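Asker: I'll drop the sequence and a predicted model, then ask my questions.
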Amino acid sequence: MRAAHALRLLSALLALGTGTGCPMSPCETHPPAPLFDSTMVGVGQPLELTVDAVLNECAYSREDRAQSVTVEVRDPQNRVVPATAELRPHGYDAIVRFTPEQTGRYHLVVSFSPVGSVRQSSLYVVEDHSAEPLQAELSTVVECLSVDRTSSGTWLCGSRALRTPDQEPQPLGDYFSPAVVADDVVWVTEAAEVRRYVDTGSGPLATSATAPFPAGAPPHARLATASELLLLDDANLHRYAYSEAEGLRAMGAAPVPPARLATFSDDLPSLLIRAGERLLVVRIAEGPPSAGLVIEACPYQLDATGAPQPVPDEPCHSVPGIPVGHEEGVLWARAVPITEGTTLLRYSAASGSLVLEGVLEMGPSFQVQAASRLRTMGFGLPVVSSATSNSGPYAVPRWRAETGTVVLELLPSPPGHKPPFVSGRHFWLEHRNVLYGVKVYGRPSTP
């Protein structure tokens, strides 16, 4: 704004010196700047927003600037919200003030007169968790391909275990080995072996049992309880079961449909989702010509021997969208085709198939970053941010069961850190440079 003001003053001086109206270039209306620095704000916070007028490049006289301004703000139920608009003395912009009292999309109309145009935009008011307390800073690691914690309090940074955040990590597998936590059990899968560790409450995690993993592609998705591990590779769905009496046993494998397209940015071919008593192998498929790409979910169940098998006489089913994240029993997708804005879809798998449960529509001021690192993270949620900012604030979608709606919650976004990685129970931040330490925060699970 200061630069634009200086340019106008320079144009005025040149005009006075040469006797011409605008010697440098024709007098044109400059493209308006975005209405706000951020499209997401916390609910209940008094807001003070600067809104620029749309003025001629040669608007250096008082008559070329706005003389008055009005504002109308409407909440998600289209009700008028008390708001004020104050035109600043120079007439180039105005200060709009109001306090949003509920979450959702607000619509603002700011009218400048006699010049300056009508500016309007949407502002999304979200649950504010930006002051969430730090749970841990894993100071002995540079990065974590995943973050989780056992019930007894041991942190998992990828396949490295830390009894305390500043402890030297205990390696449970190689750097890229997928690890998954279930209560006090940690499962780690390497190229040819599955290992089950137990957190006994003190000292290093103890190896409980091992079993061979078939040669071939490494697993890229997994689900686990303390007594069961399900692994999905490019060709098969594997199941392992553990008991004190029989140890760890491979219960069998079932072939899965070949992937046609990568599902996520890290070339993940498919996802594995628990759907009640069933399992769903989820991937991107080609739908009818009118639909384009769709999500395809193929159901599996356990047979009498405990091995996974396709559900008899039940074909794969398709639902609209492109996957952007998933958590326990839930798939997050983005609606296609993408028009003006982004629509997030929440599919529940509790009934045994994907059922659309919630929709969140967002305008073009938003961008959605699909979950990444799912090969190591397991679960991952999409991250929403402003389309005009590369440094936050960042938010994630959350299901509000009491109202049956999808809302956004703001996450802590301290400066100097990359966008957050969000799993089922935690999210964490890495430095933008090579400094040591990963900041870890907790979040409620949203099945």
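Answerer: Looks like it came in fine. Residues are numbered from 1 along each chain as shown.
Asker: do a quick rundown of the strands in the stretch 1-150 of the chain.
Answerer: Counting by DSSP state E, counting those that start in this stretch, the stretch 1-150 of the chain has these strands, from start to end: 40-42, 47-52, 68-74, 80-81, 84-87, 93-98, 104-113, 118-128, 136-138, 147-149.
Asker: redo the ones you listed as JSON lines? Include distance to residue 397 and mean pLDDT.
Answerer: C-beta here means a position set from N, CA and C on the backbone, and glycine is covered the same way. What follows is the strands of the stretch 1-150 of the chain, written out as JSON lines (distance: least, Cβ to Cβ, whole Å; pLDDT from 0 to 100):
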{"stretch": "strand 40-42", "distance to residue 397": "12", "mean pLDDT": "86"}
{"stretch": "strand 47-52", "distance to residue 397": "22", "mean pLDDT": "90"}
{"stretch": "strand 68-74", "distance to residue 397": "23", "mean pLDDT": "95"}
{"stretch": "strand 80-81", "distance to residue 397": "24", "mean pLDDT": "96"}
{"stretch": "strand 84-87", "distance to residue 397": "32", "mean pLDDT": "96"}
{"stretch": "strand 93-98", "distance to residue 397": "25", "mean pLDDT": "94"}
{"stretch": "strand 104-113", "distance to residue 397": "13", "mean pLDDT": "91"}
{"stretch": "strand 118-128", "distance to residue 397": "10", "mean pLDDT": "87"}
{"stretch": "strand 136-138", "distance to residue 397": "25", "mean pLDDT": "91"}
{"stretch": "strand 147-149", "distance to residue 397": "20", "mean pLDDT": "94"}
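Asker: now these in TSV, with distance to residue 441?
Answerer: Shown next, in TSV, are the strands of the stretch 1-150 of the chain (distance: least, Cβ to Cβ, whole Å):
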stretch	distance to residue 441
strand 40-42	16
strand 47-52	25
strand 68-74	32
strand 80-81	31
strand 84-87	36
strand 93-98	30
strand 104-113	24
strand 118-128	14
strand 136-138	9
strand 147-149	10
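Asker: need those strands in JSON lines (columns: distance to residue 288 and mean neighbour count).
Answerer: Shown next, in JSON lines, are the strands of the stretch 1-150 of the chain (distance: least, Cβ to Cβ, whole Å; neighbours: other Cβ atoms under 10 Å):
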{"stretch": "strand 40-42", "distance to residue 288": "36", "mean neighbour count": "21"}
{"stretch": "strand 47-52", "distance to residue 288": "45", "mean neighbour count": "18"}
{"stretch": "strand 68-74", "distance to residue 288": "38", "mean neighbour count": "17"}
{"stretch": "strand 80-81", "distance to residue 288": "43", "mean neighbour count": "13"}
{"stretch": "strand 84-87", "distance to residue 288": "49", "mean neighbour count": "17"}
{"stretch": "strand 93-98", "distance to residue 288": "46", "mean neighbour count": "20"}
{"stretch": "strand 104-113", "distance to residue 288": "32", "mean neighbour count": "19"}
{"stretch": "strand 118-128", "distance to residue 288": "33", "mean neighbour count": "19"}
{"stretch": "strand 136-138", "distance to residue 288": "48", "mean neighbour count": "20"}
{"stretch": "strand 147-149", "distance to residue 288": "40", "mean neighbour count": "22"}
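Asker: what lies in contact with stretch 172-185?
Answerer: Residues from elsewhere that reach stretch 172-185 (Cβ atoms under 8 Å, 6 or more residues apart in numbering): 145-146, 148-152, 156, 158-161, 186-190, 195-200, 205, 208, 218-220, 222-226, 229, 375-376, 378.
Asker: out of these, list just those in strands.
Answerer: Among the contacts of stretch 172-185, the members falling in strands (DSSP state E) are 148-149, 156, 160-161, 186-189, 195-198, 208, 222-224, 229.
Asker: closest one to residue 405 among the strands of the stretch 1-150 of the chain?
Answerer: Of all those, strand 104-113 sits nearest to residue 405, with 8.6 Å by Cβ to Cβ.
Asker: report the distance from the closest one to the chain centre.
Answerer: Distance of strand 104-113 from the chain centroid (Cα atoms, centre = their mean, to the nearest Å) equals 27 Å.
Asker: by how many degrees do that strand and strand 68-74 diverge?
Answerer: Per axes from the mean of the first three to the mean of the last three Cα atoms, to 10 degrees, the angle that strand 104-113 makes with strand 68-74 is 160 degrees.
Asker: using PDB, write out the CA atom coordinates for strand 104-113.
Answerer: C-alpha atoms of strand 104-113 as PDB (Å, rounded to 0.1, in the frame of the first residue of the first chain):
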ATOM      1  CA  GLY A 104     -18.800 -20.900   8.800                       C
ATOM      2  CA  ARG A 105     -18.600 -18.700   5.800                       C
ATOM      3  CA  TYR A 106     -19.300 -15.000   6.100                       C
ATOM      4  CA  HIS A 107     -20.000 -12.800   3.100                       C
ATOM      5  CA  LEU A 108     -18.700  -9.200   3.100                       C
ATOM      6  CA  VAL A 109     -19.800  -6.400   0.700                       C
ATOM      7  CA  VAL A 110     -17.800  -3.100   1.000                       C
ATOM      8  CA  SER A 111     -19.000  -0.200  -1.200                       C
ATOM      9  CA  PHE A 112     -16.900   2.800  -1.900                       C
ATOM     10  CA  SER A 113     -18.500   6.000  -3.300                       C
END
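Asker: and that strand with strand 47-52, angle?
Answerer: Strand 104-113 and strand 47-52 are oriented at 40 degrees to each other (the same axes, to 10 degrees).
Asker: partner strands of strand 104-113, with direction?
Answerer: strand 68-74 (antiparallel), strand 118-128 (antiparallel) (DSSP bridges).
Asker: let me have these in JSON lines, extended by distance to residue 214.
Answerer: Formatted as JSON lines, those follow (distance: least, Cβ to Cβ, whole Å):
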{"stretch": "strand 68-74", "distance to residue 214": "59"}
{"stretch": "strand 118-128", "distance to residue 214": "45"}
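Asker: for residue 268, see how far away residue 284 is.
Answerer: Distance of residue 284 to residue 268, computed by Cβ to Cβ, to the nearest Å: 10 Å.
Asker: now swap in residue 256 and tell me
Answerer: As for residue 256, its distance to residue 268 is 13 Å (criterion: Cβ to Cβ).
Asker: so what's the nearest residue to residue 192 once chain neighbours are set aside up against?
Answerer: Once flanking residues are discounted, residue 192 sits nearest to residue 213: 5.6 Å by Cβ to Cβ, 6 or more residues apart in numbering. Going by Cβ under 8 Å, 6+ apart, residue 213 touches 189, 190, 191, 192, 193, 194, 219, 231, 238.
Asker: tell me, how many residues neighbour the last one?
Answerer: Neighbour count of residue 238, defined by other Cβ atoms under 10 Å: 22.
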